[in-house]
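Colleague: the sequence and its predicted three-dimensional model are supplied below.
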Amino acid sequence: MNFFPAGEFLDYDDVRRAFRLEKNSSQLCVLEADFWPALKEFMKKERENYVEELKNGHISKAKDFSNLEQIVLEFLAIRERKVLNKALVASRTNEFSLDGLTRGEKELFNSMLGVLEKFRADSSDLFGAKAGKERTEEKDLKKLPLQILSDIPSFIGADMKEYGPFSKGQEAELPGKTAELLVERKLAVKK
């Protein structure tokens, strides 16, 4: 969604329109690449005008800048909240897209996602999940002796390593998960 023609300066109407669209959408609105620099330049010029108007005693013009500041602050808060919600959902589902995020928002998203994932990893042992996972990993690393029941060509095991080829009657020692798969498929028996 384009909020202003590329290369042109922003005005109050552009800022209000961007704010309304962001406020009324549940998703992050896509901003043009030069939106934030253009907004920064616009705010700088309006601040200078504000100071000049105050010096000249024109209070009504000064009020416009205060309104602009409020809109921009709320606009930023809405986008921030959407980025944080996006990171929270991504930490739970492991599915996300960085579409619609500006460079700074991507940094915020990645930082928050990292914090949330660390928190989940640290708190997972509350239910014994960490201990159970470690026991499973130990079992997978333990090698089991097998008697091969038929010829087996080379294959990639559960640990992503290559095993075989094996001949009928051959004895072999394979990691737990890989050995279990061969036994399950009746290609080997435990010794």
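Modeller: Cool, got the structure.
Colleague: report how many residues lie close to R17.
Modeller: 15 (other C-beta atoms under 10 Å). All C-beta atoms are positioned from the backbone trio N, CA, C, and that covers glycine.
Colleague: okay, buried residues for the longest helix belonging to the chain please.
Modeller: Counting by DSSP state H, the longest helix found in the chain is helix 59-93. Using 16 or more other C-beta atoms under 10 Å as the test for burial, helix 59-93 gives 62, 65, 68, 71-72, 75, 78-79, 82-83, 86-87, 90-91.
Colleague: and what of stretch 177-184?
Modeller: Buried-residue list, stretch 177-184, by 16+ other C-beta under 10 Å: K177, T178, A179, E180, L182, V183.
Colleague: could I get the residues you listed as CSV with pLDDT, secondary structure and distance to F109?
Modeller: CSV is the format used below for the buried residues of stretch 177-184 (pLDDT from 0 to 100; DSSP: H, G, I helix; E, B strand; the rest coil; distance: C-beta to C-beta, whole Å):
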residue, pLDDT, secondary structure, distance to F109
K177, 84, helix, 35
T178, 85, helix, 38
A179, 86, helix, 42
E180, 86, helix, 40
L182, 85, helix, 44
V183, 88, helix, 45
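Colleague: now the strands for this structure?
Modeller: 143-148, 155-156, 162-163, 171-175, 188-190 (DSSP state E).
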